[in-house]
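[1] sequence unknown, structure follows:
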């Protein structure tokens, strides 16, 4: 049972700085903070309050007396504040511990010249900052400074000067400008600051209401939560910051744990699971029983995958022949879901991603002639859905260019495009090309890395396949092909093609939340991801 499940209803009148612990959603959990509070044996209500305020362990390290007072501003919570303070002054990572140590040393040291201490705030870095963002320091001067330094802020001011009012879009820009100032400087945004900014905005922009930007909680009106553009913007940003690392870390930990379990199976477990493997070798129906036995036998299969020595995966495929069945990709789905969780983001968010990606590509002004022709074709011709997705995959190779292979040869953009997907006009052409490719890879004793074959033309793609050296899957859509290749990598440990590895790294990280480390530091890739994430945040 998590800490939040232990929290009883606390029926007290609290100000806008507090929320009811019982209605905090599961997505707001912070496992790192929860674990720390369990170790400290603190009341679960303290954890609930801090989570609702958007606190992380990093923020907690920088919590000072002022921010402690802001969070626990109701008399009835004084005991919780005292309990947390006792832990913080003894915690080596806390600024309050450091302050206490400094105070102790100064009392025992010989008299010296007085030292003027700067006020502290909830700040994650020690970079000098013009405005110390305590509640008393939010002024009209600070608001003017923020608006004058931010492009969106300038747009808002100019729009207001012209129209003497703000529309929905410019109100959103205004809230984003204020909140992003805190986010950019890694500062926690306390509720009193939000209230002050809302008041200053109403004074600066006539016809605007403070409640639009920050509307405090009101028990009498049965309003349980603060709201407003500023409040929503800050807490939505903070939730995303908490969820992303959690998702990636959890997936890596689960996968590591599964591999450890597989390598440490007892002889008794191996015997039991081998019975399931034997059944699966000799049966492909009924489907439900196959799925159940397949799921139960994952540790033994994972053990074989880890110990596989053949580049073509011949050992694992002979032990588990259901993989090469026409619908074997459904079993790959099952293993991936057990190891990394269910993920539909590629299918749900692709359209939104593709629009933003194409906008980024046009700004980047790529030089590759073939890719430019494909972009023009996309605009001018009736390209089918799979053709559109194929073009985006091709253009990516011109945007994030291939890097040099281990052998020293630099792949061309065209090679990278064909190793993502080879477009054949007829089925015979597809079969001929695949057979030749398999012969070449077998002769060179290298792995035929998973790739896509499409049959038809950009206006009408008839068939789509994912192929390897030993098997192929016929799939219903181009996105499903991308999905299966990523799962083949993370389940059966197939390699991604060197020439287009950055593309697979991007898809794996952006849509599946798995950090594929070989290319994760590519500066062009990081710039693209940062742009896409910022565009998604602006849409919130």
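    The structure has been received and is ready for your questions. These numbers were taken from a predicted model, which means no experiment stands behind them.

[2] list the contacts for residue 87?
    The contact partners of residue 87, taken as CB atoms under 8 Å, 6 or more residues apart in numbering, are 40, 42. In this view, the C-beta of every residue, glycine as well, is placed from N, C-alpha and C.

[3] again, only this time at 10 Å
    Contacts for residue 87 (CB atoms under 10 Å, 6 or more residues apart in numbering) come out as 36, 37, 39, 40, 41, 42, 46, 60, 94, 96, 97.

[4] mind listing what's buried in the helix or strand hosting residue 34?
    Assessed by DSSP states H and E, residue 34 sits inside helix 31-40. Judged by neighbour count using 16 or more other CB atoms under 10 Å, the buried positions of helix 31-40 are 33, 34, 36, 37, 40.

[5] export the residues you listed to a markdown table and tack on pLDDT and distance to residue 166?
    Output for the buried residues of helix 31-40, formatted as a markdown table (pLDDT from 0 to 100; distance: CB to CB, whole Å):
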| residue | pLDDT | distance to residue 166 |
| --- | --- | --- |
| 33 | 84 | 37 |
| 34 | 82 | 40 |
| 36 | 87 | 42 |
| 37 | 85 | 42 |
| 40 | 85 | 46 |
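
[6] Turn these into TSV, including distance to residue 322.
    Below are these laid out as TSV (distance: CB to CB, whole Å):
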residue	distance to residue 322
33	43
34	40
36	45
37	46
40	50
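
[7] tell me which of these is nearest to residue 226?
    Of all these, residue 226 sits closest to residue 33, with 20.7 Å by CB to CB.

[8] Can you get me a residue count around residue 363?
    Neighbourhood size, residue 363 [other CB atoms under 10 Å]: 8.

[9] Against which helices or strands is the helix or strand hosting it packed?
    In the assignment (DSSP H and E), residue 363 maps to helix 345-364. With contacts taken as 3 or more CB pairs under 10 Å, 6 or more residues apart in numbering; DSSP states H and E, helix 345-364 sits against helix 369-380, helix 385-399, helix 478-492, helix 501-512, helix 523-538.

[10] With respect to residue 148, which of the contacts of residue 87 is nearest?
    Of the contacts of residue 87, the one sitting nearest to residue 148 (CB to CB) turns out to be residue 60, at 33.1 Å.

[11] Give the residue spans of the chain that score low on pLDDT.
    1-29, 73-76, 98-137, 186, 219-224, 237-254, 404-408, 516-521, 537-540 (pLDDT under 70).

[12] related to what we said a few turns ago, of the helices and strands packed on helix 345-364, which is nearest residue 302?
    Comparing the helices and strands packed on helix 345-364 by CB to CB, helix 478-492 comes nearest, at 8.7 Å.

[13] Quick one: work out the angle between that closest one and helix 385-399.
    60 degrees (axes from the mean of the first three to the mean of the last three CA atoms, to 10 degrees).

[14] between helix 478-492 and helix 501-512, how many degrees?
    Using the same axes, to 10 degrees, helix 478-492 lies at 100 degrees relative to helix 501-512.

[15] got JSON lines for the helices and strands packed on helix 345-364, with mean neighbour count too?
    Listed next are the helices and strands packed on helix 345-364 as JSON lines, based on neighbours: other CB atoms under 10 Å:
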{"stretch": "helix 369-380", "mean neighbour count": "14"}
{"stretch": "helix 385-399", "mean neighbour count": "21"}
{"stretch": "helix 478-492", "mean neighbour count": "22"}
{"stretch": "helix 501-512", "mean neighbour count": "22"}
{"stretch": "helix 523-538", "mean neighbour count": "14"}
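
[16] correct me, but residue 419 touches residue 502?
    No - with contact defined as CB atoms under 10 Å, residue 419 does not reach residue 502; the gap is 11.9 Å.

[17] Return every residue with contacts to both of these two.
    Joint contacts of residue 419 and residue 502 (CB under 10 Å, 6+ apart) are 397, 402, 496.

[18] Give me the nearest residue to the first one, chain neighbours excluded.
    Distances taken as CB to CB, 6 or more residues apart in numbering place residue 416 nearest to residue 397, at 4.0 Å, with adjacent residues excluded.

[19] tell me which element the one you found is part of?
    Per DSSP H and E: residue 416 is located in helix 413-420.

[20] That helix to helix 369-380, inter-axis angle?
    60 degrees.

[21] counting contacts, what elements does the helix or strand containing residue 212 pack onto?
    Here residue 212 sits within helix 210-213, counting by DSSP H and E. Other elements packing on helix 210-213 under the criterion 3+ CB pairs under 10 Å, 6+ apart are helix 168-184, helix 191-204, helix 229-263.

[22] After the last one, which helix or strand is next?
    Beyond helix 229-263 on the C-terminal side, the first helix or strand identified by DSSP H and E is helix 267-282.

[23] Beyond that following helix, next helix or strand please.
    Next along the chain from helix 267-282, counting by DSSP H and E, comes helix 287-296.

[24] and that following helix, how far out from the chain's middle?
    Taking CA atoms, centre = their mean, to the nearest Å, the mean C-alpha location of helix 287-296 is offset from the chain mean by 31 Å.

[25] Could you identify the helix or strand that succeeds it?
    Going down the chain from helix 287-296, the next helix or strand is helix 298-307, by DSSP H and E.

[26] excluding its backbone neighbours, what's nearest residue 531?
    Nearest to residue 531 is residue 360, by CB to CB, 6+ apart, at 5.5 Å.

[27] quick one: contacts for that neighbour?
    Neighbours of residue 360 in contact, by CB under 10 Å, 6+ apart: 399, 527, 528, 531, 532, 535.

[28] Would you check that the fifth one makes contact with residue 353?
    When you say that, I think you mean residue 532. Yes - with contact defined as CB under 10 Å, residue 532 reaches residue 353; the gap is 6.8 Å.

[29] Spit out the residues that contact those two alike.
    residue 510.

[30] excluding its backbone neighbours, what's nearest residue 270?
    The nearest residue in space to residue 270 (CB to CB, 6+ apart) is residue 300, at 6.6 Å.

[31] Tell me, how many residues neighbour the one you found?
    For residue 300, the neighbour count with other CB under 10 Å is 20.

[32] same thing with residue 425?
    Residues near residue 425, counting by other CB under 10 Å: 10.

[33] can you start the count at 37 instead of 1 from here on
    Got it, first residue is 37 now, which makes that one residue 461.

[34] Let me see the backbone angles for it.
    Backbone torsions of residue 461, given as degrees, to the nearest 10, read phi -80, psi -30.

[35] quick one, what contacts it?
    Contacts of residue 461 by CB under 10 Å, 6+ apart are 491, 492, 493.

[36] make it 6 Å
    If a contact means CB atoms under 6 Å, 6 or more residues apart in numbering, then residue 461 has no contacts.

[37] how close does it get to residue 474?
    Residue 461 sits 20 Å away from residue 474, going by CB to CB, to the nearest Å.

[38] same thing with residue 253?
    66 Å.

[39] Also residue 196?
    66 Å.
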